[in-house]
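Asks: Next come a sequence and a model predicted from it.
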Amino acid sequence: MGVTPKIAPSMLSSDFANLASEAARMLNDGADWLHMDIMGRHFVPNLTIGVPVIQSLRKHTKAYLDCHLMVTNPLDYVEPLRKAGASGFTFHIETSKDNWPELVQRIKSGGMMPGVALRPGTPVEEIYPLVEAENPVELVLVMTVEPGFGGQKFMPEMMDKVRLLRQKYPSLNIEVDGGLGPSTIDTAASAGANCIVAGSSVFGAPEPAQVISLLRKSVEKAQQTS
Ligand SMILES: O=C(CO)[C@@H](O)[C@H](O)COP(=O)(O)O
Ligand SMILES: [Fe+2]
């Protein structure tokens with residue numbers, strides 16, 4: 001498999017009042033990416049952070065900011081997030097069935113990595129055209145909980161989607177998000193996920209560095225045996 005493991009702590013579980021130092025702590029503990037959950041109350045029943053927070057954090061770190069857009073109108077956020085310093089821009093297919101080609105093109109033109117996410121109830125076949133397009137997405141985020149909140153239970157039945165994607169697209173970045181931690185990582189890694197988002201399991205651990213290292217080792221081991 002030609003894809004690199006990426007461990008992305010979800011900053012949703014961090015102390016928002018100390019975001020810059022929480023980000024520095026995660027990077028020091030071995031994180032590759034920082035996962036930023038941008039939620040608006042229409043697509044999900046929660047309200048979290050937006051463009052000003054990304055802009056503020058960017059002043060304190062050069063890290064890859066992996067932005068997960070849980071908003072109904074992601075196109076409106078491409079230019080503001082580019083200016084704010086986002087690195088990855090992952091939108092939900094459920095919000096963008098009609099305009100994803102324009103969205104992907106604008107994300108790429110803005111120098112960000114385009115990704116597409118799907119809710120647990122969305123069939124994986126819906127995102128094949130986005131991966132096979134002339135101007136494709138470079139990451140697929142398979143939600144392993146209903147989007148909206150951290151700290152939920154991992155849905156192992158979502159691994160069929162990950163397996164299908166990995167069989168079909170050996171070099172695609174496949175991200176899993178929701179309920180990942182020491183007890184669920186082997187299931188996700190052996191199905192073929194290489195980008196791992198983890199919030200409560202990392203921030204809730206006495207030694208986050210140990211959890212990050214365990215997540216990475218599980219992905220590396222699965223890649224060696226596949
Ligand atoms: O996008 C989401 C939730 O909608 C996630 O990124 C969560 O923030 C992950 O948190 P844990 O399940 O790992 O606690
Ligand atoms: Fe997320």
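Replies: Perfect, thanks for sending it. Ligands and ions are numbered 1, 2, ... in the order given.
Asks: going forward, measure contacts and count neighbours with C-alpha atoms only.
Replies: Noted.
Asks: Mind pulling the model confidence for the residue nearest to residue 126 when sequence neighbours are not counted?
Replies: What sits nearest to residue 126 in space, not counting adjacent residues and going by CA to CA, 6 or more residues apart in numbering, is residue 93, at 7.9 Å. We note a pLDDT of 98 for residue 93 in this prediction.
Asks: check contacts around residue 93.
Replies: By CA atoms under 8 Å, 6 or more residues apart in numbering, the contact list for residue 93 reads 100, 116, 117, 118, 126, 127.
Asks: Could you tell me which of the residues you listed are located in helices?
Replies: Judged by DSSP state H, these include residue 100 as members of helices.
Asks: ok, which pair from the contacts of residue 93 is furthest apart?
Replies: Taking CA to CA, the two most distant members of the contacts of residue 93 are 100 and 118; they sit 13.2 Å apart.
Asks: need the residues of the protein near ligand 1, please.
Replies: 10, 12, 37, 147-152, 177-180, 198-200 (CA under 6 Å from any ligand atom).
Asks: before we move on, the earlier item: from the contacts of residue 93, which single one is nearest residue 26?
Replies: Checking these against residue 26 with CA to CA, the nearest one is residue 117 at 23.7 Å.
Asks: quick one: low-confidence ranges for the protein?
Replies: Scanning the chain for pLDDT under 70 picks out 1-2.
Asks: coming back round to it: neighbour-wise, which one of the residues of the chain next to ligand 1 leads?
Replies: residue 198 (30 neighbours; other CA atoms under 10 Å).
Asks: Great, nothing more from me.
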